[in-house]
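J.: Fold the following.
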Amino acid sequence: MPTPAYPPMNYLQAFGGKAETIALLTWALLALSIAVVAIIALLTAAGVAMRRAAFSAEETGREPVVRRSGGLSWITVGVALSTLALFGSMAWNAYTMAAINKPPREPALTLEVIGHQWWWQFRYKSDEPAQVFDTANEAHIPTGVPVRLEVHTEDVIHSFWIPALGDKLDLIPGQTNVSWFEADRPGAYRGQCAEYCGRQHAHMAVTVIAEPPEAFEAWRKAQVQPAQKAQGELATGEASFLARCGVCHSVRGTLAGGKLGPDLTHLMSRGALAANTLQNTTATLTGWIADPQRVKPGARMPTLDLQAPELTNIRRYLQTLK
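T.: From the prediction side, this is the model:
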């Protein structure tokens with residue numbers, strides 16, 4: 001089955017004020033590490049070459065025991081430089097942590113991130129209950145606006161990480177951690193659960209799509225709307241969906257109110273399925289409904305052994321959820 005056409009994760013290139021601060025420190029530590037390795041390699045090679053020259057100069061073939069001076073100075077200089085580099089790195093790291101602790105201005109959007117085995121739930125919070133909605137595995141945010149993140153988990157420890165936009169956020173059972181991120185230009189930014197959380201940890205990806213504020217508001221208004229009432233032949237698919245899937249999934253505007261799986265109200269507005277494991281196409285959607293355990297063994301979505309007509313009806317109904 002085809003995989004989603006999202007860009008790979010990138011932690012060496014930043015696309016926001018917070019990420020740029022972190023990326024600068026990352027590049028500095030990378031350069032320092034390379035310099036340390038290069039210096040040690042050169043000194044080791046020089047030491048070996050000098051020893052070989054001294055040994056070959058001895059006619060007896062034995063190296064005399066000689067107490068050479070100057071060795072202690074090498075140790076002193078090495079310890080001093082190492083200490084300076086370590087303390088400098090520590091100070092820069094502390095400065096970076098302080099710099100990214102708070103956004104430059106008050107966030108205009110609060111996004112609740114909830115980790116599940118093995119998918120991400122996003123809840124767009126609002127003071128108006130009618131404006132609150134959920135989506136899964138694919139979040140949209142406006143560019144140039146700090147977004148407040150409230151992260152927690154429904155099961156085990158997870159770690160929310162969009163490297164191009166910010167740092168890692170641990171999701172600890174019974175605890176809500178608060179942070180923020182910001183994207184300074186439109187694009188799709190790939191992320192991943194960065195804490196081993198079970199069998200399908202590798203298939204717990206996430207995508208954040210940053211778009212201009214006008215486009216984001218249009219997307220948000222569409223997401224708030226409930227699903228359209230199924231008509232004609234699609235009503236059969238809706239009835240099958242309610243009977244087979246409505247216990248675990250919710251579709252606003254219908255009787256499906258399950259909380260164990262993702263909200264599917266606007267399923268077809270997402271580019272991928274199963275936490276970005278599959279591209280959202282007719283073929284992959286059909287395969288995912290028919291046998292999710294073949295795609296993600298151990299996933300909480302069971303295989304329902306649907307007959308072909310019922311499977312087709314459910315898939316056709318889901319494809320109307322745009």
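
J.: Let me know the pLDDT of the residue lying closest to Cys193 once chain neighbours are set aside.
T.: Once flanking residues are discounted, Cys193 sits nearest to Met204: 4.0 Å by C-beta to C-beta, 6 or more residues apart in numbering. The C-beta positions use only the backbone N, C-alpha and C, and glycine is treated the same way. Listed pLDDT for Met204 reads 95.

J.: Next, the contact list for Met204, please.
T.: For Met204, the contacting residues are Gln117, Trp118, Trp119, Trp120, His158, Gln192, Cys193, Cys197, Ala275, by C-beta atoms under 8 Å, 6 or more residues apart in numbering.

J.: Any stretches of the stretch 1-150 of the chain with poor pLDDT?
T.: Counting by pLDDT under 70, the ranges of the stretch 1-150 of the chain that qualify are 1-7, 51-71.

J.: quick one: the helices in it?
T.: In the stretch 1-150 of the chain, helices defined by DSSP state H, counting those that start in this stretch lie at 17-56, 71-99, listed in chain order.

J.: just those helices: most buried one?
T.: Of the helices of the stretch 1-150 of the chain, the one with the most neighbours on average (mean count of other C-beta atoms under 10 Å) is helix 17-56, at a mean of 13.

J.: Remind me what that one packs against, helices and strands.
T.: With contacts taken as 3 or more C-beta pairs under 8 Å, 6 or more residues apart in numbering; DSSP states H and E, helix 17-56 sits against helix 71-99, strand 177-181.

J.: can you list the ones you listed in TSV and add distance to Pro107?
T.: What follows is these, written out as TSV (distance: least, C-beta to C-beta, whole Å):
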stretch	distance to Pro107
helix 71-99	17
strand 177-181	6
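
J.: Ok, which of these comes nearest Lys322?
T.: For Lys322, the closest of the helices and strands packed on helix 17-56 is strand 177-181, at 27.7 Å, according to C-beta to C-beta.

J.: name the helices or strands packed onto that closest one?
T.: Counting by 3+ C-beta pairs under 8 Å, 6+ apart, strand 177-181 packs on helix 17-56, strand 147-153, strand 169-171.

J.: out of the ones you listed, nearest to Ala235?
T.: Using C-beta to C-beta, those put strand 147-153 closest to Ala235, at 37.4 Å.

J.: which residues are in contact with that closest one?
T.: Counting by C-beta under 8 Å, 6+ apart, 103, 107, 109-116, 125, 141, 160, 169-173, 175-182 sit against strand 147-153.

J.: closest one to Ile289 among the helices of the stretch 1-150 of the chain?
T.: Ile289 lies closest to helix 17-56 among the helices of the stretch 1-150 of the chain, at 36.8 Å (C-beta to C-beta).

J.: Now the phi/psi pair for the residue nearest to Cys193, please.
T.: Torsion angles at Met204 (phi, psi; degrees, to the nearest 10) stand at phi -120, psi 60.

J.: thinking again about what came up before, closest to Arg294 out of the helices of the stretch 1-150 of the chain?
T.: Minimum separation from Arg294 across the helices of the stretch 1-150 of the chain (C-beta to C-beta) falls at helix 17-56, 36.7 Å.

J.: ok, the residue lying closest to Gly198 once chain neighbours are set aside to Cys193 distance?
T.: Nearest residue to Gly198, sequence neighbours excluded (C-beta to C-beta, 6+ apart): Gln117, at 5.4 Å. Between Gln117 and Cys193 the computed distance is 10 Å (C-beta to C-beta, to the nearest Å).

J.: now swap in Glu20 and tell me
T.: Glu20 sits 24 Å away from Cys193 when distances are taken as C-beta to C-beta.

J.: Gln319 too?
T.: Note on Gln319: its distance to Cys193, by C-beta to C-beta, is 28 Å.

J.: Gly232 now?
T.: 41 Å.
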